[in-house]
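1. sequence and computational prediction follow.
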Amino acid sequence: MILLIESLRLHWADRQGYYVGGNMFVHYDPQNKRRSRGPDFFLVLDVEERERKSWVVWQEGMRFPDLIIELLPDSTREVDKGEKKMLYERVFRTQEYYLYDPFSQDFLGYHLQGTRYQEMQPDAEQRLYSVVTGLYVGVREGWLRWLTTASMVVPTPREWAEQERQRAEQAIQRAEQAEQLLDAYRHRFGNLEESV
């Protein structure tokens, strides 16, 4: 959940007007303010960016999540595939709903077509395309990850920092190699230049 939140925030560092959260309550019924659900991950587009303790749809202009991801432990599997799916489809009208079991690696996605969810079909690389984010979603090395259209894993801030550190080390190594080649050239051909 945190991996999905952090990597999307980093990828969208220049983007504004969205809220991404997880493991927090979404209060959805103004007539019964206690009615809520707690998606593992959710994204709402075109909203004010600010911190929230919970998502209260009637305080957000009746904005429901545009995308929801649920992780499937055995204890909530049937609720996530049944009751929650129906709620997200019929009440929330959430455009995209994904289910991922981190143990079995089962991964499903649904896209709202009219009034009903249609199961999404993975491509040849076992990715599902998210129209909401413009990214793919897929399992890589046992983790559910955002993927670019070029199949690159969208990094978390920690992964990005490590990639930048490696790039810096490689640049230093290339500079040192260039310096060594220049020294070798000077040593080998330096006398020729002086005699010319």
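-> Nice, I can see it.

2. residue 104 belongs to a helix?
-> No. According to DSSP: H, G, I helix; E, B strand; the rest coil, residue 104 belongs to no helix; its state is coil.

3. so what pLDDT did it get?
-> With respect to pLDDT, residue 104 scores 88.

4. tally of neighbours for it?
-> Applying other C-beta atoms under 10 Å, we find 9 residues neighbouring residue 104. All C-beta spots, glycine's among them, are computed from the backbone N, C-alpha and C.

5. before we move on, what about the one 5 residues further on?
-> For residue 109, the neighbour count with other C-beta under 10 Å is 22.

6. tell me what the residue lying closest to residue 33 once chain neighbours are set aside is bridged to.
-> Once flanking residues are discounted, residue 33 sits nearest to residue 27: 6.1 Å by C-beta to C-beta, 6 or more residues apart in numbering. Residue 27 has the following beta-bridge partners by DSSP bridges: residue 36, residue 56.

7. OK, contacts around residue 27?
-> With contacts defined as C-beta atoms under 8 Å, 6 or more residues apart in numbering, residue 27 is in contact with 33-36, 54-58.

8. quick one: low-confidence parts of the protein?
-> Low-confidence segments of the chain, defined by pLDDT under 70, span residues 157, 160-176, 178, 191-196.

9. ranges for the strands of it?
-> Ranges of strands in the chain, per DSSP state E, are 18-21, 26-27, 36-37, 41-45, 55-56, 67-71, 96-100, 107-113, 116-119, 128-130, 135-140, 143-147.

10. strand partners of the longest one, parallel vs antiparallel please.
-> Sheet pairing for strand 107-113, assigned by DSSP bridges, gives strand 96-100 (antiparallel), strand 116-119 (antiparallel).
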